[in-house]
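Novice: just to be clear, the model below is a prediction. Sequence and coordinates:
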Amino acid sequence: MFYTSAPVQYKPTQTVSHGSPPSLKHGASQFMEQNPVTDPLAERLAAPTFDAESYVRELSRNCDGDLDLQSHMKRIQAVSEETSVALKKNVYKNYTQFIETSKEISYLEAEMYQLSHQLTEERLLLHSFHDLSLKDDVNSDRDTKQDLEKNNLASLLEMVEGCSQVTEVPGRYIVHQGSVMHLNSETLEPQQLMRAFLLNDSLMLTSILRRRLHNIQAKKVEMPKPLRARKPRRTATKTEEDMDPKSRGPIRYRFVALFELDNLAVVNIKETDEQKSLFKVLMFPDNYVFQAESAEKKAEWLQIIDSTKQVHKYMQDAQKRTEAEESKGLKKTQDLLSVDWLKDVPENLDVYVAQRDFEAAVELVQRTTEYLSNFQPSQAVRDIRNRVESRVKNVCQQLVTELQGASGTAGKSNPGAVRRVVVMLVKLGRSAKACELFLKNCSRVIDHHLRQLKIEGNTVLYISKLSSTFFYGVIESAEEFKKAFTDNNDSASAFVVWSLEELSGFVQRFSSQVFGGGNSLTIVAECVHTACHYCDKLRDVGLELMFQLRSQMLEDLTLSLQDSREQLEEQLRHRANAEDWACLNFTKKADALTQLIFDMEAFGIDDFKNLVFDGCKVDIAHTTVEFCRCAHTFIQDGMKVYLPALHDIFISCLCNLFDCQIVHIKSVLDEDAYLQHHDFIRKNAAFIMETFLPIMEEKLEDAFGRGVDQLIDLHGELDDLLQGEGPLASSGEVEAQEEEEEVV
């Protein structure tokens, strides 16, 4: 319930011939065919069936440490650089064709923009015809139409200066627009060039700004009679007219007049040799004469204005019918809202709250909400909703107080009472508030139980109680959460976030007792193992917090491993200094000998009995036995707290222990006082390196699933000790030999 990338391949561009659009989909395999690479790694990366995730898993399984990963990363970087160089050469080789292709793309983009503009106009025209023909479906596609209206009005504000009052009318949009020449109604002489915008309910006339008109005259653009349609330019941003490069923003026109379609009539003027493409707009008491760019444009204007007037008239009639129906429905709604029980809802809610009968209050609110949902929005419905909503807020406040009381004193909570209040808040639509209060109550209960625990001298026992109390508390909270929010899964994420916050508080308590008290690695490992054991039980309720728990302990575990290694090295150093390199003698200590044999067999040394002679002596030194015990204990404790992120630290500390013992043995062999014990000392070294170390390597290999190279390298460090027959060179002779090698 509560459960909480692939590498990007660079795809080289395919060269295209002049005059054809570029292909944008190319595979890496085609590029490798044109630029063959002999490196098998490059061939594998460029293969069509290459899977990055499986490749990374295989690489992580085969590599031994970060050195192999770094070397492999350098190989991948080298292949990437070679591919990049080959790609640059290919691009430079086809540079001319790339330039030609980019030009074709720009031309295609401009043509697509013009086509999109034409399709938009056609869609608006078809939409108008659709509204005219379908008289029984007035409200179809209302959302789409509103979006088109907003876009049209936004473009109108960007082009026309002083038309803000035009765009304030809701439901208004542009049907058609174009350039016309305004003529004198008596002499038919040209007055000025205008831009006409036909809206769905009116006709707006605009004049060209002077700075734009000046640019037109500077370019010697004349307006002949009749006007000629300009050839569209091959550009993606300018369609019919040029923009003024010196103007700020896209505003090109100034508002002149707005005529309502209800009071407007359009009359066609018969064409003569001198008077072509003329039509008259009658607007009592004035009339206007305009000249279109061509006869086709004139016919288009007349046809679109006439159809728009028809659509506008039809929409007005439909609106009147709708208002009449709504007035009838409103009267019917008022009759239905006049029922007795609905009038008494606010007063009844107040009575239920006073009597602490919250179940009845919630039931009445739900009944009222369901009853009002059957009516269309109206003022009467809104008034009743507002009156009920004010009472609902009061009910919620009382429920919050009830929930705080259900939590009890001294952290003693009543789960049934808490769940009852939470369910009622959810029914009232306050799921977020209910979830917040429920989780706060759970935090308060868990914190109270944790504070009741007494810090005893036994750290492991205290951590066991601390872990069981915390994690069982989270489990109980999860079960109660599922019961309270059965049909509301949206609150599950809030519970996961709360669990992580509570886990952080638990780790702080845990760290202050385990990592801050100078405990040994054995105690630390036992405490971590106990906490992980209880944390794993969260899986029964759908929570997985093991990774977060171990991640928050990572830094402290690293320091614990290093401190334990330093303490063990210091112990080995003191024991080596006090060692007399004699056989162990268990005279009158038969129990101690039996325990030693049992411990060594537990380590995996099955033939340790062969070292016993004379019934009570062992052919091994006390220092060697203690080293085996320390190393085995360190490995056992380290495996309890092991994390993949601690692998390098753990292996490094273990190798340091063996290195410390090797240094002690070498220092003893260099001293003349132990000359007669050299064979016995070498025998102890052989026991450590040939008997004990392989057994530890086998255990680590079984745990990690692979061998540990750092331990394998230790076998060669004592070869001279194991193979030598006489005493090794003294420390002074070794230093003299090193000085001679430096001189050479």
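Specialist: Perfect, thanks for sending it.
Novice: for residue 249, report the pLDDT, please.
Specialist: Here, the pLDDT recorded for residue 249 equals 47.
Novice: now do residue 466
Specialist: Looking at residue 466, its pLDDT is 91.
Novice: again, but for residue 314
Specialist: The score at residue 314 is 84. That number is its pLDDT.
Novice: helix or strand for it, just tell me which one.
Specialist: According to DSSP states H and E, residue 314 maps onto helix 295-336.
Novice: quick one: residues in contact with stretch 618-631.
Specialist: 568, 571-572, 575-576, 579, 581-584, 586, 593, 596, 599-600, 603, 611-613, 654, 657-658, 661, 664, 680-681, 683-684, 687-688, 692, 696 (CB atoms under 8 Å, 6 or more residues apart in numbering). For every residue, glycine as well, the C-beta is placed using N, CA and C.
Novice: from the residues you listed, which land in strands?
Specialist: Counting by DSSP state E, the part of the contacts of stretch 618-631 found in strands is 584, 612, 613.
Novice: ok, so of the residues you listed, who is nearest residue 167?
Specialist: Minimum distance to residue 167 across the ones in strands among the contacts of stretch 618-631 is 102.1 Å, recorded for residue 584 (CB to CB).
Novice: that closest one touches residue 617, doesn't it?
Specialist: Yes. If you go by CB atoms under 8 Å, residue 584 and residue 617 touch, sitting 6.5 Å apart.
Novice: who's in contact with residue 485?
Specialist: Residue 485 makes contacts with 422, 426, 431, 434, 435, 491, 492, as judged by CB under 8 Å, 6+ apart.
Novice: who's more crowded, residue 584 and residue 617?
Specialist: Neighbour count, other CB atoms under 10 Å: between residue 584 and residue 617, residue 584 has more, with 19 against 16.
Novice: what helices or strands is the helix or strand containing residue 499 leaning on?
Specialist: Using DSSP H and E, residue 499 sits in helix 492-514. When contacts are defined as 3 or more CB pairs under 8 Å, 6 or more residues apart in numbering; DSSP states H and E, helix 492-514 packs onto helix 431-451, helix 459-484, helix 521-535, helix 546-577.
Novice: which one of those helices is the most hemmed in?
Specialist: Each of the helices and strands packed on helix 492-514 was scored by mean neighbour count; the highest is helix 521-535, a mean of 21, by mean count of other CB atoms under 10 Å.
Novice: can you give me the angle that helix makes with helix 459-484?
Specialist: Helix 521-535 runs at 10 degrees relative to helix 459-484, counting by axes from the mean of the first three to the mean of the last three CA atoms, to 10 degrees.
Novice: which secondary structure elements does helix 521-535 contact?
Specialist: Using 3+ CB pairs under 8 Å, 6+ apart, helix 521-535 sits against helix 459-484, helix 492-514, helix 546-577, helix 622-640.
Novice: wait, which of the ones you listed is closest to residue 76?
Specialist: helix 546-577 (28.2 Å).
Novice: what about the closest residue to residue 371 other than its chain neighbours, distance to residue 259?
Specialist: Computed as CB to CB, 6 or more residues apart in numbering, the closest residue to residue 371 that is not its neighbour in sequence is residue 342, at 6.9 Å. According to CB to CB, to the nearest Å, residue 342 and residue 259 sit 50 Å apart.
Novice: and if you look at residue 94?
Specialist: As defined by CB to CB, residue 94 lies at a distance of 59 Å from residue 259.
Novice: residue 651 against residue 710, yeah?
Specialist: Yes. Proximity of residue 651 to residue 710 meets the contact threshold set by CB under 8 Å, at 5.2 Å.
Novice: the two: who's more crowded?
Specialist: The neighbour count for residue 651 versus residue 710, taken as other CB under 10 Å, is higher for residue 651 (18 against 15).
Novice: report the buried residues of the helix or strand hosting that one.
Specialist: Here residue 651, judged by DSSP H and E, is contained in helix 647-669. Buried residues in helix 647-669, counted by 16 or more other CB atoms under 10 Å: 649-651, 653-655, 657-658, 660-662, 664-666, 668-669.
Novice: which residues of the stretch 251-400 of the chain fall in helices?
Specialist: 295-336, 340-343, 345-354, 358-372, 379-406 (DSSP state H, counting those that start in this stretch).
Novice: average pLDDT for the last one?
Specialist: The average of the pLDDT scores along helix 379-406 is 74.
Novice: CA atoms only for whichever helix or strand comes after that helix - export them in PDB, please.
Specialist: Using DSSP H and E, the next helix or strand after helix 379-406 towards the C-terminus is helix 415-427. Written as PDB, here are the backbone C-alpha positions of helix 415-427 (Å, rounded to 0.1, in the frame of the first residue of the first chain):
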ATOM      1  CA  PRO A 415      -7.700   3.600  18.900                       C
ATOM      2  CA  GLY A 416     -11.500   3.000  18.400                       C
ATOM      3  CA  ALA A 417     -12.400   6.600  19.400                       C
ATOM      4  CA  VAL A 418      -9.600   8.100  17.300                       C
ATOM      5  CA  ARG A 419     -10.700   6.000  14.200                       C
ATOM      6  CA  ARG A 420     -14.300   7.100  14.800                       C
ATOM      7  CA  VAL A 421     -13.400  10.800  14.700                       C
ATOM      8  CA  VAL A 422     -11.100  10.400  11.700                       C
ATOM      9  CA  VAL A 423     -13.800   8.600   9.700                       C
ATOM     10  CA  MET A 424     -16.300  11.400  10.400                       C
ATOM     11  CA  LEU A 425     -13.800  14.100   9.300                       C
ATOM     12  CA  VAL A 426     -13.100  12.200   6.100                       C
ATOM     13  CA  LYS A 427     -16.900  12.000   5.400                       C
END
